[in-house]
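S.K.: sequence-free structure coming up:
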């Protein structure tokens, strides 16, 4: 168990490092600076003394905008609607969406996830480590495209396979019960 | 201080903060005044002054309004405040009060779900659930405006709380009232009552058929009968996606929309319509999403217990909440799925309490400090976004400046003009705003051809008599054709009037309403 805990802590550190690096990188982009200018301009136009000084800067700065953009990337990587429904009904702007897996497999994926969560602390921790490492790798991409989603695809395939096996086992047990 | 007293004190502070972010600046003209708010407000005023709605119908079962047949309870509940404070403050404050009540009831539900056996844990669950909802941008934004869904959400949480407190007749009555408040609860509240009745039928100890219970059930049947009528379903059928693209695609579309309400990305991004979101802040913050998932998992695990009714109830409320919104043509819709904030906040509270419970005692002492820091940060962040960014970005969608436009029309000398036309291209319901700001006499009723409860296409009246003895006519303005009408006033969005076309026609811009950047949004144009 100690080794598993170590793996989880290491994965978390790698993810946090990667996330921090992405925030730093994104904060220097022109688009980020442009967005900060827009936010500050609106504060200035509002003629509201409360937000004209440091308080305004606290909630409208490049770190806040960069954090939000990086957070969006993390959420896109873990979004099952992008994986199973090509992002429908919330397709992303400027992204050519495509279905990566048939949506009918989604129940099996959830079943697989249920199995993992129900299979003891060790399994959960290993699964969480893999997920964190995948996130750490995927957020380095500028936009969340097929390449960035490759790792997530493998994780989802694993969950689907586990889900299918478990559902077959469940059906077998149910039939045996009925026969008895 | 006793743990119970400590909890009460913390909860009072949470409710106070929730009230503060909902109340700050609600009467500012910068927050705009949407057509639905105007329709709700005017009908409440009309009921106070004449006992009938804008069409002259005596206390209707559903308000025909511009053809969307509004569920009636919000308007009835707004009567006292509209009488005292008028419009728009009275109609909005009603929503704020329902929003604050929801925060209180959600905290109590979370506490009940965790149970009295876990003394410290249940208090934490209550506080975190309360904090989550008090500062949730999704709920804060909508409860600052007059929206029926806010009241329906309050009653939805109240019904769940009464079930958990074993007050079944009260729960059935409250859920039935919720079904008469908004379109979404119309479909899911009766299902939750059915679940409760099924549970009571199975449980011999709790199966008591007293006269109060019979009355509550009769009330539920009455509410369901009203909701089965054609007029009650007209709005829902108008936006339903069912069967539009064939059944195979319909099932896929409904499944994708339904699952999007559980997707972390979509929950975080929120609604596609600017007015239903707070600009530049997460609709549901990432930390809440994580606690929500943890809460779901904890609740599912508890299903193995013998006494699992609380968990079944909570998960049923969660599963049912986004169902009506999923069957519509739109993606994530904050208003239609607003009742989902109830199970979401409760589950976030349950998840957080489990996490705190697992911590070592040394770390536990840091939790209050962490919670206070997060509350201060979110309050500041949310207030700035609501007061500054949101008002400027959502200018057009909240119809900001329209009040000024009506006032300018009232003040304008229109004696030399043959007719005044108001554009309805973007919103056929814009006449509601004229009813309110044009101070139309409530004794003057709008004529209608068909029977009151027969569903019709959304429409505005042909004309209204506003303050200053002026008559405004409503129609879709089409400039290439309308410019031929001489000596006439045209009022509408800048989109209807191209500057070059105006110059060629020799038309004169009499008044303009501009935003703070100097951009013109609304215009009053006169033809020669």
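M.R.: Perfect, thanks for sending it. Remember, predicted model here, so these are calculated numbers, not experimental data.

S.K.: CA atoms for contacts and neighbours, from now on please.
M.R.: Will do.

S.K.: Can you verify my assumption that residue B:122 contacts residue B:108?
M.R.: No. Residue B:122 lies out of contact with residue B:108 (C-alpha atoms under 8 Å); the separation is 9.3 Å.

S.K.: what about the longest helix in the chain?
M.R.: No chain was given, so I picked chain A. helix A:150-179 (DSSP state H).

S.K.: You answered for a different chain; I wanted chain B.
M.R.: The longest helix of chain B (DSSP H) is helix B:89-114.

S.K.: Distance from the chain centre to that one, please.
M.R.: With C-alpha atoms, centre = their mean, to the nearest Å as the basis, helix B:89-114 stands 13 Å off its chain's centre.

S.K.: helices or strands next to whatever helix or strand comes next after it in the packing?
M.R.: Once helix B:89-114 ends, the next helix or strand along the chain (criterion: DSSP states H and E) is helix B:119-134. Other helices and strands packing on helix B:119-134, by 3 or more C-alpha pairs under 8 Å, 6 or more residues apart in numbering or on different chains; DSSP states H and E, are helix B:3-23, helix B:89-114, helix B:341-358.

S.K.: Swap in 10 Å and give it another go.
M.R.: With contacts taken as 3 or more C-alpha pairs under 10 Å, 6 or more residues apart in numbering or on different chains; DSSP states H and E, helix B:119-134 sits against helix B:3-23, helix B:89-114, helix B:137-143, helix B:286-302, helix B:341-358, helix B:367-384.

S.K.: circling back to that earlier point, do the longest helix of chain A and chain B come into contact?
M.R.: No. Residues of helix A:150-179 are not located near chain B by C-alpha under 10 Å from any C-alpha of the partner chain, the shortest gap being 14.7 Å.

S.K.: buried set for that helix?
M.R.: A:151-153, A:155-157, A:159-164, A:166 (16 or more other C-alpha atoms under 10 Å in any protein chain shown).

S.K.: from these, which is closest to residue B:270?
M.R.: Checking the buried residues of helix A:150-179 against residue B:270 with C-alpha to C-alpha, the nearest one is residue A:152 at 23.2 Å.

S.K.: That closest one reaches residue A:139, doesn't it?
M.R.: No. Look at residue A:152 against residue A:139 with C-alpha atoms under 10 Å: they stay out of range, at 11.6 Å.

S.K.: shared neighbours of the two, which are they?
M.R.: Residues touching both residue A:152 and residue A:139 (C-alpha atoms under 10 Å, 6 or more residues apart in numbering or on different chains) are residue A:77.

S.K.: Tell me which other helices or strands the lowest-mean-pLDDT helix or strand in chain A touches.
M.R.: Across the helices and strands of chain A, mean confidence by mean pLDDT, DSSP states H and E is lowest for helix A:49-52: a mean of 76. Packing partners of helix A:49-52 (3+ C-alpha pairs under 10 Å, 6+ apart): helix A:30-45, helix A:54-59, helix B:367-384.

S.K.: Make JSON lines out of those and add mean neighbour count and mean pLDDT.
M.R.: What follows is the helices and strands packed on helix A:49-52, written out as JSON lines (neighbours: other C-alpha atoms under 10 Å in any protein chain shown; pLDDT from 0 to 100):
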{"stretch": "helix A:30-45", "mean neighbour count": "17", "mean pLDDT": "94"}
{"stretch": "helix A:54-59", "mean neighbour count": "16", "mean pLDDT": "89"}
{"stretch": "helix B:367-384", "mean neighbour count": "15", "mean pLDDT": "94"}
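
S.K.: Quick check: which of the ones you listed is nearest to residue B:135?
M.R.: That would be helix B:367-384 among the helices and strands packed on helix A:49-52, by C-alpha to C-alpha, at 6.9 Å.

S.K.: what's the angle between that closest one and helix B:341-358?
M.R.: On the basis of axes from the mean of the first three to the mean of the last three C-alpha atoms, to 10 degrees, helix B:367-384 is oriented at 150 degrees to helix B:341-358.

S.K.: Show me what helix B:367-384 is packed against.
M.R.: When contacts are defined as 3+ C-alpha pairs under 10 Å, 6+ apart, helix B:367-384 packs onto helix A:49-52, helix A:54-59, helix B:3-23, helix B:119-134, helix B:137-143, helix B:390-393.

S.K.: Look up the pLDDT of residue B:99 for me, please.
M.R.: pLDDT recorded at residue B:99 is 98.

S.K.: wait, isn't it in contact with residue B:144?
M.R.: Yes. If you go by C-alpha under 10 Å, residue B:99 and residue B:144 touch, sitting 8.4 Å apart.

S.K.: Find residues that contact each of the two.
M.R.: Counting by C-alpha under 10 Å, 6+ apart, the residues touching both residue B:99 and residue B:144 are B:19, B:22, B:93, B:150.

S.K.: Quick check: closest non-adjacent residue to the first one.
M.R.: Distance criterion C-alpha to C-alpha, 6 or more residues apart in numbering or on different chains; nearest residue to residue B:19, sequence neighbours excluded, is residue B:100 at 6.1 Å.

S.K.: thinking the one you found is in contact with residue B:11, fair?
M.R.: No. Counting by C-alpha under 10 Å, residue B:100 stays clear of residue B:11, with 11.6 Å between them.

S.K.: what's the average pLDDT for the longest helix of chain A?
M.R.: Mean pLDDT, computed over helix A:150-179, is 93.

S.K.: Packing partners of that helix?
M.R.: Secondary elements touching helix A:150-179 (3+ C-alpha pairs under 10 Å, 6+ apart): helix A:62-77, helix A:80-85, helix A:106-117, helix A:121-138.

S.K.: just the angle between it and helix A:62-77, please?
M.R.: Put simply, helix A:150-179 runs at 40 degrees to helix A:62-77, going by the same axes, to 10 degrees.

S.K.: Tell me how far the helix or strand hosting residue B:431 lies from the chain's centre.
M.R.: Residue B:431 is located in helix B:431-437, with elements delineated by DSSP H and E. On the basis of C-alpha atoms, centre = their mean, helix B:431-437 sits 20 Å off its chain's mean C-alpha point.

S.K.: Give me the next element, helix or strand, following it.
M.R.: strand B:463-466.

S.K.: Downstream of that following strand, the next helix or strand is which one?
M.R.: As assigned by DSSP H and E, the chain's next helix or strand after strand B:463-466 is strand B:470-475.

S.K.: Any idea how far the helix or strand following that following strand is from the middle of the chain?
M.R.: With elements assigned by DSSP H and E, the helix or strand that comes after strand B:470-475 is helix B:479-482. Here helix B:479-482 is found 37 Å from its chain centre; the criterion is C-alpha atoms, centre = their mean.

S.K.: Repeat that for stretch B:109-119.
M.R.: Worked out by C-alpha atoms, centre = their mean, stretch B:109-119 lies 29 Å from the chain centre.

S.K.: Start and end of it, how far apart?
M.R.: Stretch B:109-119 has an end-to-end distance of 14 Å (criterion: C-alpha to C-alpha, to the nearest Å).

S.K.: got the buried residues for it?
M.R.: In stretch B:109-119, counting by 16+ other C-alpha under 10 Å, buried: B:109-114.

S.K.: now those residues in a markdown table, with distance to residue B:333 and pLDDT?
M.R.: Formatted as a markdown table, the buried residues of stretch B:109-119 follow (distance: C-alpha to C-alpha, whole Å; pLDDT from 0 to 100):
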| residue | distance to residue B:333 | pLDDT |
| --- | --- | --- |
| B:109 | 25 | 97 |
| B:110 | 25 | 96 |
| B:111 | 29 | 94 |
| B:112 | 29 | 94 |
| B:113 | 28 | 94 |
| B:114 | 30 | 92 |
